[in-house]
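Engineer: the sequence isn't on hand, but the structure is:
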């Protein structure tokens, strides 16, 4: 049976657009650092081991895409430097990082457990990402989610039929 998704174009796919920003391995590591309060270039480089030029490129790309903003600071007796702060667009990625953390904890953690946990500032309880429909129902099983064309979906132009020899 032919999947219905083949009838729809992926040219304006927002997942692909998001991954164009987030899809490189070091990008999520940089975001992890900023979410954890490591905002200065040298601290980030030493803490992560990311090569200097690669880190500079990742930070510049995230600033250009308005995920991070550069904030000036000055240590006594030295020149003005910049640290990275999350924009609103960047803060909206927190659930994505928590979901990646949760997946990593489930499948990739050392026997002792995760080296990081996230807690609700007000009560201290562990924070998790969960799926809910707009009616408020918890979606406990991923197979209960049905992908379907959204309001921006565009029909694909008819592709030539494949022959039986393909």
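Structural biologist: Great, that's in hand. None of these values were measured; they are calculated from a predicted model.
Engineer: contacts, neighbours, all on C-alpha from now
Structural biologist: Noted.
Engineer: quick check: longest helix of this protein.
Structural biologist: Among the elements of the chain assigned as helix by DSSP state H, the one spanning the most residues is helix 94-108.
Engineer: show me which positions of that one end up buried.
Structural biologist: Counting neighbours by 16 or more other C-alpha atoms under 10 Å, one finds that the buried residues in helix 94-108 are 97, 98, 101, 102, 105.
Engineer: where exactly do the helices run in the protein?
Structural biologist: Taking DSSP H to define them, one finds helices in the chain at 14-22, 25-35, 41-48, 52-64, 88-91, 94-108.
Engineer: separation between residue 42 and residue 154?
Structural biologist: As judged by C-alpha to C-alpha, to the nearest Å, residue 42 and residue 154 stand 45 Å apart.
Engineer: picking that back up, which elements pack onto the longest helix of the chain?
Structural biologist: Packed against helix 94-108, as judged by 3 or more C-alpha pairs under 8 Å, 6 or more residues apart in numbering; DSSP states H and E, are the following elements: helix 25-35.
Engineer: for the helix it packs on, packing partners?
Structural biologist: Using 3+ C-alpha pairs under 8 Å, 6+ apart as the contact criterion, the elements in contact with helix 25-35 are helix 41-48, helix 52-64, strand 80-86, helix 94-108.
Engineer: which stretch among the ones you listed comes nearest residue 70?
Structural biologist: Proximity of the helices and strands packed on helix 25-35 to residue 70 was assessed by C-alpha to C-alpha; the nearest stretch is strand 80-86, lying at 4.9 Å.
Engineer: now the closest one: buried residues?
Structural biologist: Under the neighbour-count criterion of 16+ other C-alpha under 10 Å, strand 80-86 has 83, 84, 85, 86 buried.
Engineer: most tightly packed of the helices of the chain?
Structural biologist: The highest average neighbour count among the helices of the chain, using mean count of other C-alpha atoms under 10 Å, belongs to helix 25-35 at a mean of 18.
Engineer: do you know the pLDDT at residue 147?
Structural biologist: Per-residue pLDDT puts residue 147 at 90.
Engineer: now it. Its backbone dihedrals?
Structural biologist: Backbone torsions of residue 147, given as degrees, to the nearest 10, read phi -70, psi 140.
Engineer: could you check how far it is from residue 119?
Structural biologist: Here the criterion is C-alpha to C-alpha. By it, residue 147 lies 31 Å from residue 119.
Engineer: more neighbours, these two?
Structural biologist: Neighbour totals were compared for residue 147 and residue 119, and residue 119 leads with 11 against 7 (other C-alpha atoms under 10 Å).
Engineer: didn't residue 90 look like it was pressed against residue 65?
Structural biologist: No. Residue 90 is not in contact with residue 65 according to C-alpha atoms under 8 Å; the separation is 9.6 Å.
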